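1. Build me a model from this:
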Amino acid sequence: MVMAAALGLVTVAGCGGADGADGQGGAASKGGTLHVLSSLDLEHLDPARNYVTSSEDVGRLIYRTLTTYAAAPGPAGGKIVPDLATDTGRPSDGARTWTFTLKAGVKFEDGRPITSRDIKYGVERTFAAELPEGPPYARMWLAGGRSYKGPYKDKQGLASIETPDDRTVVFKLNHPVADFGSAVSLPIFAPVPQDKDTGVRYDSRPFSSGPYKIGSFEPKKRLTLVRNTHWSPATDTVRKGLPDTIVIDLDLDPAVVDQRLIAAQGQDADAVAFEPIGPASVGPVMANPAVRKRLVTGASINTRYLSINTRHKPLDDLRVRQAIAYALDKDALRTARGGPIAGQLATTLLPPSLPGSVPDDPFPSPGGKGDPAKAKALLAQAGHASGLTLTLDTPATAGGQAQGESVQASLAKAGIKVTINAISSSAFYSTVGNIAQEHDLVIDGWTPDWPGASTYLPLVFDGRLITPEGNNNHAQYNSAKVNARIDAITGMKDPAAAAAAYGDLAQQIMRDAPVVPFLWDKAAVLTGSHVTGAYGHIAYVGRLDLVSLGLRK
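-> The predicted structure is shown next:
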């Protein structure tokens, strides 16, 4: 999964810029310095730990994977295409074995060829306990993966990754995986040369295989990317590599970012926002035709939800979780994110854009505004007629605070007192992913790693994947029936049948109320007047696809 940032930023319907895919129009030129203005810090740059949509968007500038997403707006961006590999993989043995051939001429930033051994080592290091928070596919699917401890402890390596020659890598799986060619688009399948691995310190200086390498990086302040002269566009059909330099300013005030991009003066004409516009900026932007012209809207396959920690009492009681589901005012949460233009109220886990989605809501309320009376009745049945007190984890941002206050207000109507625990945006997912540090409720969300429920429901709701750190199942939900059903669906070879089964499974999970979906969102991002190639990418929650941006001279 690609984690969805739980920040309170505006999302709007539509796809592509007001003037088409390149925002302001005009031909892009090679050169110049692109500025990216971000109100976030970067959680991780180490490909073993990079599993948040914002950081993945940046990571695609620095390292390549066997396959990747197409560089295109709208649904076309969800297509998986070859990257370092010559194709999207060749399955055999009933999709239990997958073979990839590396393109000729692909190189690291020092000019050395990228080999199959670099791919193998890059995957192996993701098993190390020192490098948590990445996706679990490798340890779930590779034969012997559940017992392998990574190359720092096991020098023999993982036998299920074979490298018969410099350009061939073979993965042996413990069961058929029809979409393994999509899984290898994730950063955990990026090449890492063993002699450049610095363990936990690799996070601040990953070795480049993409069009840019790190010039300097100061967390919470600035990441400067400079051209990797050994990257060849002849081997890369996805990344354009147009700017000479990309400067990403981090941890900025989101209101200031909006103000700078609305004005777009000086170097800000060469800038883009990294996150969607804030709710307070919607009116000024939409009222100014010149600024609105620079507003790029993008689709998303993200679902936002409130996670309920099922291991905490009294949240282990289904009636209490159901009460929260009835009490939550989804419409107010959407208002906290900018109002109706922020997206569609969610009724279930799977957004309509995913195959198998069933829109039925087991806890409906008029207009999605909540039903405090039903919530109070359920609480009374559970022995909490006098109410209860819970703690909510939310990002320490203006948007996170607004969403937290919205949850606080709607649950208060049912007699539930909520205390807000604000966490730095750069540490948010590592904190709530620590099962000892996570509190009762979490402002949360999930973006599938590729369009389909197979990279959503198993990763978020399979209780066997709960880990002490780097945990994605923030509800800490563990149902033997759901786990068994996931196993059964995973073994299906018919994609249509699997999609329908996942739709049914989503409804089964919904009835247990470990989370409360509240929004299927889309995004709107401002660009400077000199920026070209701007479109919202479906894989990055509608954020701009950084690899396609350039500047007009």
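2. so where's the protein uncertain?
-> 1-26 (pLDDT under 70).
3. quick one: the helices in the stretch 51-200 of the chain?
-> Taking DSSP state H, counting those that start in this stretch, the helices of the stretch 51-200 of the chain run over residues 53-62, 116-124, 137-141, 180-183.
4. to the chain's geometric centre, what's the distance from the first one?
-> Right, helix 53-62. Centroid separation between helix 53-62 and its chain, computed with C-alpha atoms, centre = their mean, to the nearest Å, is 10 Å.
5. before we move on, back to that, TSV for the helices of the stretch 51-200 of the chain, including mean neighbour count?
-> Every residue, glycine included, has its C-beta placed from N, CA and C. As requested, the helices of the stretch 51-200 of the chain are exported to TSV (neighbours: other C-beta atoms under 10 Å):
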stretch	mean neighbour count
helix 53-62	24
helix 116-124	23
helix 137-141	22
helix 180-183	24
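6. Specify the residue ranges that define each domain of this structure.
-> 40-246, 303-521 (automatic domain parsing).
7. How about the contacts made by residue 111?
-> residue 230 (C-beta atoms under 8 Å, 6 or more residues apart in numbering).
8. For it, give its distance to residue 193.
-> 12 Å (C-beta to C-beta, to the nearest Å).
9. follow-up on the earlier one: and the domains of the chain: which comes nearest residue 283?
-> domain 303-521 (10.1 Å; C-beta to C-beta).
10. Give me the distance between the two termini of the closest one.
-> 7 Å (C-alpha to C-alpha, to the nearest Å).
11. how far does that domain sit from the chain's center?
-> 16 Å.
12. what ranges do the strands span in the stretch 251-400 of the chain?
-> In the stretch 251-400 of the chain, the strands defined using DSSP state E, counting those that start in this stretch lie at 271-273, 295-298, 303-308, 343-345, 388-395.
13. Could you dump the ones you listed into TSV and include distance to residue 462 and mean neighbour count?
-> Conversion of these to TSV gives the following (distance: least, C-beta to C-beta, whole Å; neighbours: other C-beta atoms under 10 Å):
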stretch	distance to residue 462	mean neighbour count
strand 271-273	35	26
strand 295-298	30	28
strand 303-308	15	27
strand 343-345	27	20
strand 388-395	22	21
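14. any chance of those strands in CSV, with distance to residue 165 too?
-> Putting those into CSV (distance: least, C-beta to C-beta, whole Å) gives the following:
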stretch, distance to residue 165
strand 271-273, 42
strand 295-298, 41
strand 303-308, 43
strand 343-345, 48
strand 388-395, 47
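15. nearest to residue 180, of these?
-> Nearest to residue 180, of these and by C-beta to C-beta, is strand 303-308 at 24.1 Å.
16. hmm, who's touching that closest one?
-> 4, 6, 315, 321, 324, 328, 333, 346, 349-351, 407, 440-446, 456, 474-475, 513-521.
17. Relative to it, what are the paired strands and their orientations?
-> strand 441-447 (antiparallel), strand 515-521 (antiparallel) (DSSP bridges).
18. Of all those strands, which one is nearest residue 309?
-> Short answer: strand 441-447, nearest of those by C-beta to C-beta, at 7.1 Å.
19. got the CA positions of the closest one in PDB?
-> Extracted C-alpha coordinates of strand 441-447, given in PDB (Å, rounded to 0.1, in the frame of the first residue of the first chain):
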ATOM      1  CA  LEU A 441      -8.400   6.400  17.100                       C
ATOM      2  CA  VAL A 442      -6.400   7.500  14.100                       C
ATOM      3  CA  ILE A 443      -7.100   9.900  11.200                       C
ATOM      4  CA  ASP A 444      -6.100   7.500   8.500                       C
ATOM      5  CA  GLY A 445      -6.200   6.400   4.900                       C
ATOM      6  CA  TRP A 446      -4.900   4.000   2.300                       C
ATOM      7  CA  THR A 447      -4.000   4.100  -1.400                       C
END
